[in-house]
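Asks: Please find the sequence and the predicted model below.
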Amino acid sequence: MEYIIAVALFAISTSITPGPNNIMVMASGVNFGVKKTLPLLAGICVGFSVMLMVVGLGFGQIFTLFPSLHFIIKCVGVLYLLYLALLIARSAAGDMEHKAQRPMTFINGALFQWVNAKAWVVATGAIAAFTTVGEGYLVQNITIAVVFLVAAFPCVGSWLLCGTALKRVFTQGKARQTFNYAMAGLLVLSVEPVIVEVVTQLEKRVL
């Protein structure tokens, strides 16, 4: 029981703190509402739990053998996050509900975890901290994934509820657009350390 409590506390603290997932869910809540954002929320929660299982089964070791692959995924992740930030920033008030823009889907949310720098840090940290080599490794891995799945829905969901509440406040066009600019900026700031790391590695490769 103490083991599950420890994993749960780790899952709650890492799931509820600001990051790309929560920022996107909150922005989607403001622009689309709860119902249309639920697929994204579910995709994030389920996708991360699946990612935990895969990482725990040894996928992370591939990066040790092929560090260039890890660097490529980081580059793709940074570019994708910057693209999402641009989409959020360019979303004028009302446009996201009445024009061609659509909220991210379940698949988008699930696949996004694989290019989410915070997700990688949390996943590898959880596996390293809460598993031990031996016969019980698989059970521990499954336990961690299930605990994160249960904890993620209310934690990430709280950001969706905040976004929905703010939707009532940002009824004016300029207010909604200002919010979108702020969310885009926060999304970029959330990956600022990764951007610096990628740029540094690129400079080393060029030199």
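Replies: Done, it's in.
Asks: Just the local confidence number for the closest residue to Leu160 other than its chain neighbours, please.
Replies: Of all residues beyond its chain neighbours, the one nearest Leu160 is Gly29 (4.5 Å), with distances taken as C-beta to C-beta, 6 or more residues apart in numbering. (Each C-beta comes from the backbone N, C-alpha and C, glycine too.) Confidence at Gly29, expressed as pLDDT, is 89.
Asks: low-confidence ranges in this protein?
Replies: Applying pLDDT under 70 to the chain picks out residues 59-61, 63-64, 70, 91-101, 133, 135, 170-173, 191, 207.
Asks: so where do the helices sit in the chain?
Replies: Along the chain, counting by DSSP state H, helices occupy 2-16, 20-32, 34-54, 60-65, 67-89, 95-98, 106-112, 117-130, 137-169, 173-190, 192-206.
Asks: Throw those helices into CSV and include mean neighbour count, thanks.
Replies: CSV is the format used below for the helices of the chain (neighbours: other C-beta atoms under 10 Å):
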stretch, mean neighbour count
helix 2-16, 16
helix 20-32, 26
helix 34-54, 21
helix 60-65, 11
helix 67-89, 16
helix 95-98, 15
helix 106-112, 19
helix 117-130, 19
helix 137-169, 18
helix 173-190, 17
helix 192-206, 12
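Asks: circling back to that earlier point, now the residue nearest to Leu160: how far from Lys167?
Replies: The gap separating Gly29 from Lys167 is 7 Å, by C-beta to C-beta, to the nearest Å.
Asks: which residues touch Thr37?
Replies: Val25, Ser28, Gly29, Pro103, Leu160, Gly163 (C-beta atoms under 8 Å, 6 or more residues apart in numbering).
Asks: Out of the residues you listed, which comes closest to Leu84?
Replies: Nearest to Leu84 among those is Ser28, at 10.6 Å by C-beta to C-beta.
Asks: Okay, the closest one and Gly185: tell me how far apart.
Replies: Ser28 is 16 Å from Gly185, by C-beta to C-beta.
Asks: Pull the CA coordinates from stretch 130-148 and hand them back as PDB.
Replies: These are the backbone C-alpha positions of stretch 130-148, laid out as PDB (Å, rounded to 0.1, in the frame of the first residue of the first chain):
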ATOM      1  CA  PHE A 130       9.600   2.900  -8.700                       C
ATOM      2  CA  THR A 131      10.800  -0.300 -10.300                       C
ATOM      3  CA  THR A 132      13.400  -2.900  -9.300                       C
ATOM      4  CA  VAL A 133      14.900  -5.600 -11.400                       C
ATOM      5  CA  GLY A 134      13.400  -9.000 -10.700                       C
ATOM      6  CA  GLU A 135      10.300 -11.100 -11.100                       C
ATOM      7  CA  GLY A 136       8.000  -8.300  -9.900                       C
ATOM      8  CA  TYR A 137       9.200  -5.800 -12.500                       C
ATOM      9  CA  LEU A 138       6.300  -6.300 -14.900                       C
ATOM     10  CA  VAL A 139       3.800  -6.000 -12.100                       C
ATOM     11  CA  GLN A 140       5.400  -2.800 -10.900                       C
ATOM     12  CA  ASN A 141       5.400  -1.400 -14.400                       C
ATOM     13  CA  ILE A 142       1.700  -2.100 -14.800                       C
ATOM     14  CA  THR A 143       1.000  -0.700 -11.400                       C
ATOM     15  CA  ILE A 144       2.800   2.600 -12.300                       C
ATOM     16  CA  ALA A 145       0.900   2.900 -15.600                       C
ATOM     17  CA  VAL A 146      -2.500   2.300 -13.900                       C
ATOM     18  CA  VAL A 147      -1.800   4.700 -11.100                       C
ATOM     19  CA  PHE A 148      -0.800   7.400 -13.600                       C
END
